[in-house]
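J.: Whatever this is, show me its structure:
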Amino acid sequence: MMATNSAPTLSLSGARTALAAAEARASRIGVPMNIAVVDSSCHLLAFSRMDGAKITSINIAIDKAFTAAGHRAPTSVYKEAVWPGGAAFGIWNSNGGRFMTIAGGVPVVDKEGRVVGAIGCSTGTPAQDEDVAKAGKEAVECSIAGETMTVKAKL
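T.: As a prediction, the model looks like this:
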(Lines give C-alpha, C1' and ligand atoms only; values in the text may rest on other atoms or scores of the structure.)
Protein backbone atom coordinates (compact mmCIF):
# COMPACT_ATOMS: atom_id res chain seq x y z
CA MET A 1 0.00 0.00 0.00
CA MET A 2 1.30 3.44 -0.94
CA ALA A 3 1.29 6.21 1.65
CA THR A 4 1.31 8.97 -0.96
CA ASN A 5 -0.19 9.71 -4.35
CA SER A 6 1.29 11.55 -7.26
CA ALA A 7 -1.24 13.66 -9.13
CA PRO A 8 -0.69 15.37 -12.49
CA THR A 9 -0.95 19.14 -12.42
CA LEU A 10 -0.79 22.00 -14.87
CA SER A 11 2.64 23.56 -15.37
CA LEU A 12 3.49 27.24 -15.75
CA SER A 13 4.02 26.59 -19.44
CA GLY A 14 0.50 25.15 -19.71
CA ALA A 15 -0.87 28.13 -17.80
CA ARG A 16 0.83 30.51 -20.23
CA THR A 17 -0.70 28.61 -23.15
CA ALA A 18 -4.13 29.02 -21.58
CA LEU A 19 -3.56 32.73 -20.91
CA ALA A 20 -2.41 33.45 -24.46
CA ALA A 21 -5.41 31.72 -26.03
CA ALA A 22 -7.87 33.33 -23.62
CA GLU A 23 -6.38 36.79 -24.24
CA ALA A 24 -6.63 36.22 -27.99
CA ARG A 25 -10.28 35.22 -27.71
CA ALA A 26 -11.10 38.17 -25.43
CA SER A 27 -9.47 40.54 -27.93
CA ARG A 28 -11.39 38.96 -30.78
CA ILE A 29 -14.76 39.47 -29.06
CA GLY A 30 -13.74 42.94 -27.87
CA VAL A 31 -14.03 42.31 -24.12
CA PRO A 32 -10.85 42.80 -22.05
CA MET A 33 -10.69 40.17 -19.31
CA ASN A 34 -9.12 39.26 -16.03
CA ILE A 35 -7.84 35.74 -16.59
CA ALA A 36 -6.62 33.40 -13.84
CA VAL A 37 -5.10 29.94 -14.18
CA VAL A 38 -4.70 27.60 -11.22
CA ASP A 39 -3.12 24.17 -10.79
CA SER A 40 -4.91 21.01 -9.64
CA SER A 41 -4.51 22.10 -6.01
CA CYS A 42 -6.28 25.42 -6.68
CA HIS A 43 -3.09 27.49 -6.38
CA LEU A 44 -2.68 30.45 -8.73
CA LEU A 45 -0.16 29.76 -11.50
CA ALA A 46 -0.68 32.75 -13.78
CA PHE A 47 -2.85 35.84 -14.02
CA SER A 48 -3.47 38.51 -16.62
CA ARG A 49 -5.47 41.71 -16.36
CA MET A 50 -5.95 42.98 -19.86
CA ASP A 51 -6.04 46.74 -20.38
CA GLY A 52 -9.59 47.87 -19.66
CA ALA A 53 -10.60 44.81 -17.61
CA LYS A 54 -12.67 45.63 -14.53
CA ILE A 55 -10.64 45.96 -11.35
CA THR A 56 -13.55 44.55 -9.37
CA SER A 57 -13.36 41.36 -11.46
CA ILE A 58 -9.80 40.41 -10.47
CA ASN A 59 -10.78 38.28 -7.46
CA ILE A 60 -13.84 36.97 -9.28
CA ALA A 61 -11.64 35.49 -12.03
CA ILE A 62 -9.28 33.94 -9.47
CA ASP A 63 -12.20 32.49 -7.49
CA LYS A 64 -13.84 31.08 -10.64
CA ALA A 65 -10.63 29.19 -11.41
CA PHE A 66 -10.36 28.08 -7.76
CA THR A 67 -13.93 26.74 -7.81
CA ALA A 68 -13.60 24.96 -11.16
CA ALA A 69 -10.38 23.21 -10.10
CA GLY A 70 -11.46 22.41 -6.57
CA HIS A 71 -14.92 21.18 -7.41
CA ARG A 72 -13.79 19.60 -10.69
CA ALA A 73 -16.67 21.18 -12.62
CA PRO A 74 -17.42 24.35 -14.60
CA THR A 75 -18.86 27.13 -12.48
CA SER A 76 -21.79 27.34 -14.91
CA VAL A 77 -23.23 24.06 -13.56
CA TYR A 78 -24.58 25.89 -10.50
CA LYS A 79 -26.81 28.30 -12.42
CA GLU A 80 -30.15 26.70 -11.50
CA ALA A 81 -29.13 25.01 -8.24
CA VAL A 82 -28.17 28.13 -6.27
CA TRP A 83 -31.54 29.87 -6.11
CA PRO A 84 -33.62 29.66 -2.88
CA GLY A 85 -34.87 26.11 -2.57
CA GLY A 86 -32.18 24.80 -4.94
CA ALA A 87 -29.95 21.86 -4.08
CA ALA A 88 -26.87 24.10 -3.78
CA PHE A 89 -28.50 27.17 -2.24
CA GLY A 90 -25.94 28.92 -0.02
CA ILE A 91 -22.89 27.16 -1.51
CA TRP A 92 -21.30 30.52 -2.33
CA ASN A 93 -20.68 30.91 1.41
CA SER A 94 -18.35 27.89 1.46
CA ASN A 95 -14.58 28.07 1.22
CA GLY A 96 -14.41 31.45 2.89
CA GLY A 97 -16.85 32.93 0.39
CA ARG A 98 -14.63 31.99 -2.57
CA PHE A 99 -17.03 29.49 -4.15
CA MET A 100 -18.25 31.04 -7.43
CA THR A 101 -21.55 30.10 -9.02
CA ILE A 102 -21.28 32.40 -12.05
CA ALA A 103 -20.18 31.02 -15.44
CA GLY A 104 -16.58 31.67 -16.45
CA GLY A 105 -14.59 29.02 -14.59
CA VAL A 106 -13.71 25.78 -16.38
CA PRO A 107 -11.48 22.86 -15.40
CA VAL A 108 -8.59 21.75 -17.60
CA VAL A 109 -8.27 17.99 -18.01
CA ASP A 110 -5.48 15.74 -19.26
CA LYS A 111 -5.75 12.86 -21.75
CA GLU A 112 -6.98 10.52 -18.99
CA GLY A 113 -9.75 12.93 -17.96
CA ARG A 114 -8.05 14.06 -14.73
CA VAL A 115 -8.44 17.69 -13.71
CA VAL A 116 -4.96 19.24 -13.84
CA GLY A 117 -6.02 22.85 -13.25
CA ALA A 118 -8.60 25.42 -14.25
CA ILE A 119 -9.06 28.80 -15.86
CA GLY A 120 -11.34 31.56 -14.65
CA CYS A 121 -12.32 34.71 -16.54
CA SER A 122 -14.27 37.77 -15.51
CA THR A 123 -15.31 41.21 -16.83
CA GLY A 124 -17.89 40.38 -19.51
CA THR A 125 -21.25 38.68 -19.25
CA PRO A 126 -21.22 35.15 -17.82
CA ALA A 127 -21.50 33.77 -21.38
CA GLN A 128 -18.54 35.89 -22.57
CA ASP A 129 -16.47 34.91 -19.55
CA GLU A 130 -17.14 31.23 -20.19
CA ASP A 131 -16.40 31.59 -23.91
CA VAL A 132 -12.99 33.11 -23.17
CA ALA A 133 -12.22 30.55 -20.46
CA LYS A 134 -13.10 27.71 -22.83
CA ALA A 135 -10.68 29.11 -25.44
CA GLY A 136 -7.89 28.92 -22.85
CA LYS A 137 -8.96 25.46 -21.71
CA GLU A 138 -9.10 24.11 -25.27
CA ALA A 139 -5.68 25.54 -26.11
CA VAL A 140 -3.95 23.89 -23.18
CA GLU A 141 -5.84 20.61 -23.64
CA CYS A 142 -4.81 20.55 -27.31
CA SER A 143 -1.25 21.24 -26.22
CA ILE A 144 -1.42 18.35 -23.75
CA ALA A 145 -2.71 16.12 -26.55
CA GLY A 146 0.01 17.37 -28.92
CA GLU A 147 -2.46 19.11 -31.25
CA THR A 148 -1.14 22.67 -31.20
CA MET A 149 -2.11 23.49 -34.79
CA THR A 150 -5.80 22.88 -34.06
CA VAL A 151 -5.76 25.58 -31.40
CA LYS A 152 -4.97 28.46 -33.76
CA ALA A 153 -7.90 27.58 -36.01
CA LYS A 154 -10.37 27.87 -33.10
CA LEU A 155 -9.29 31.39 -32.11
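J.: Show the secondary-structure elements that the helix or strand where residue 118 lies is packed against.
T.: Assigned by DSSP states H and E, residue 118 belongs to strand 115-122. For strand 115-122, the elements it packs on are helix 12-29, strand 34-39, helix 58-71, strand 105-109, helix 126-145, judged by 3 or more C-beta pairs under 8 Å, 6 or more residues apart in numbering; DSSP states H and E. Using the backbone N, CA and C atoms, a C-beta is placed for each residue, glycine as well.
J.: Pick the most buried one from these.
T.: strand 34-39 (a mean of 30; mean count of other C-beta atoms under 10 Å).
J.: Can you tell me the closest non-neighbouring residue to residue 89?
T.: In this structure, residue 89 finds its nearest non-sequential neighbour in residue 82, 6.0 Å apart by C-beta to C-beta, 6 or more residues apart in numbering.
J.: before we move on, back to that, among the helices and strands packed on strand 115-122, which comes closest to residue 98?
T.: Nearest of the helices and strands packed on strand 115-122 to residue 98, taken as C-beta to C-beta: helix 58-71 at 4.6 Å.
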